[in-house]
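Engineer: Need coordinates for the below:
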Amino acid sequence: MVDVIAKATNELNPTDILFQTPYWAQVKSHMGMAPLAFDIHSTETWGDVLVLIKDHCGHKMALVPQGPEYAPSEDSYGQYLEDLSVALADRLEPDVAFIRYDLPWKSLYADEMQEQGWCAFPEARIREMRMNMGTRFWNFKKASADMTVASSLVVDLDGSEDDILGRMKPKTRYNIGLARRKGVTVEKADSSNLADFYGLYEQTARRNGFAPCSSKQFSAMFRCNFGAKDEADIVFLLARHGRDILSGAIIGISGQHANFLYGASGNIKRNYMASSLMHWTGMRIARQLGCRSYEMGAVSPTPNATHPFNGLHQFKVGFGGRIELRSGSWDYPLNQGAYRAIQNAEAMYRELGA
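Structural biologist: Here you go, the predicted model:
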């Protein structure tokens with residue numbers, strides 16, 4: 001069984017997951033969400049969890065960003081999450097329609113996908129059957145979209161800089177050197193440069209066809225305090241050539257893990273390979289700050305020309321990392337009628353491209 005006990009968000013335990021830190025609770029509070037924290041008491045696992053209450057499709061949802069951190073055994077995923085959901089429901093306001101977990105846990109299909117070269121996760125219906133196996137209420141639904149990517153490229157930072165470079169593909173090492181030979185420099189920036197970054201970010205969104213985040217998200221990240229307890233930090237980088245800003249990156253640091261949160265690149269001098277040098281600089285800084293891994297984010301599970309993340313796969317695997325396949329986002333409805341209305345609204349937004 002699982003029980004939860006409420007506590008202050010500034011008492012969240014130190015973690016390598018930025019999205020489960022007191023710092024992230026502050027960021028989301030500035031974005032209008034209500035952060036809550038709970039200690040988890042269980043015979044299966046332990047730890048604590050950050051929960052964010054937010055408005056969603058005319059109702060309230062409880063979002064657990066990249067949590068809980070510690071997973072039970074794989075055959076207990078569903079039962080454990082069900083017990084946790086029941087315990088959390090007793091501590092949440094009655095108008096919360098559902099809980100959405102964005103799980104950092106290894107996917108139940110990871111081994112099969114990597115051994116057999118699957119280019120996608122199984123369909124939602126199959127995944128729901130497996131997640132609900134052994135639960136009392138058979139209540140878990142695969143979310144229509146993952147809040148953070150379920151297929152991510154992680155680069156190990158162990159060893160010397162030469163060791164890390166040696167694990168990269170030759171073309172990636174060449175592009176890092178090319179950027180330097182072209183005169184590209186990468187420098188740390190601060191909040192005064194956010195407007196420059198956001199301009200590049202909007203160019204990136206238009207070029208790649210995705211809806212950009214609000215600029216409020218970025219300003220909130222720099223308005224919050226970094227506490228010693230959670231060891232969270234933000235590294236903001238801009239790559240320049242002369243007066244031109246070619247690319248930028250916002251990297252989150254928590255514990256021994258660096259997470260490439262947001263990237264942007266302009267439409268000029270793209271052959272100068274600024275992004276390659278920028279990522280290498282980010283890795284070097286993260287390593288100096290004590291990180292042992294650098295997460296680059298979305299890739300396709302395997303090389304596949306039809307996958308929307310195939311281009312990202314080709315670029316990122318050059319840095320010599322490993323692909324982690326995670327469980328993704330899962331919903332536990334508390335109000336079935338409200339949840340059906342939310343599903344309909346989400347489907348409509350997807351059709352409209354919102």
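Engineer: Could you use CA atoms for every contact and neighbour count after this?
Structural biologist: Noted.
Engineer: Just list whatever residues bridge to residue 187.
Structural biologist: residue 238 (DSSP bridges).
Engineer: Quick check: next helix or strand after the helix or strand containing residue 260?
Structural biologist: For residue 260, the host element (DSSP states H and E) is strand 257-265. For strand 257-265, the succeeding helix or strand toward the C-terminus, using DSSP H and E, is helix 274-288.
Engineer: and that next one, what does it pack onto?
Structural biologist: helix 170-181, strand 185-188, strand 232-241, strand 244-254, strand 257-265, strand 293-298 (3 or more Cα pairs under 8 Å, 6 or more residues apart in numbering; DSSP states H and E).
Engineer: Redo these as a markdown table? Include mean neighbour count and distance to residue 219.
Structural biologist: Formatted as a markdown table, the helices and strands packed on helix 274-288 follow (neighbours: other Cα atoms under 10 Å; distance: least, Cα to Cα, whole Å):
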| stretch | mean neighbour count | distance to residue 219 |
| --- | --- | --- |
| helix 170-181 | 16 | 29 |
| strand 185-188 | 18 | 16 |
| strand 232-241 | 22 | 12 |
| strand 244-254 | 24 | 12 |
| strand 257-265 | 22 | 13 |
| strand 293-298 | 22 | 21 |
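Engineer: Give me the most central residue, the chain.
Structural biologist: residue 148 (4.2 Å; Cα atoms, centre = their mean).
Engineer: which ones are touching that residue?
Structural biologist: Contacts of residue 148 were listed using Cα atoms under 8 Å, 6 or more residues apart in numbering, and they are 66, 102, 328, 329.
Engineer: helix or strand for residue 201, which one?
Structural biologist: Residue-wise, residue 201 maps onto helix 194-208 under DSSP H and E.
Engineer: My error: substitute residue 327 in the last question.
Structural biologist: Counting by DSSP H and E, residue 327 is found in strand 322-333.
Engineer: That strand: partners in the sheet, and parallel or antiparallel?
Structural biologist: Short version: by DSSP bridges, strand 322-333 pairs with strand 96-106 (antiparallel), strand 141-142 (antiparallel), strand 151-156 (antiparallel).
Engineer: Distance to residue 321, mean pLDDT and mean neighbour count for those - can I get that in TSV?
Structural biologist: Shown next, in TSV, are the strands paired with strand 322-333 (distance: least, Cα to Cα, whole Å; pLDDT from 0 to 100; neighbours: other Cα atoms under 10 Å):
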stretch	distance to residue 321	mean pLDDT	mean neighbour count
strand 96-106	17	98	23
strand 141-142	28	98	20
strand 151-156	4	97	22
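Engineer: Looking at those, spot the one closest to residue 191.
Structural biologist: strand 151-156 (26.9 Å; Cα to Cα).
Engineer: what angle do the closest one and helix 274-288 make?
Structural biologist: 60 degrees (axes from the mean of the first three to the mean of the last three Cα atoms, to 10 degrees).
Engineer: after strand 151-156, next one along is what?
Structural biologist: Next along from strand 151-156, by DSSP H and E: helix 161-166.
Engineer: average model confidence for that next one?
Structural biologist: Average pLDDT, helix 161-166: 98.
Engineer: ok, and for that helix, which residues are buried?
Structural biologist: 164, 165 (16 or more other Cα atoms under 10 Å).
Engineer: Give me the contacts around it.
Structural biologist: 156, 157, 158, 173, 284, 319, 320.
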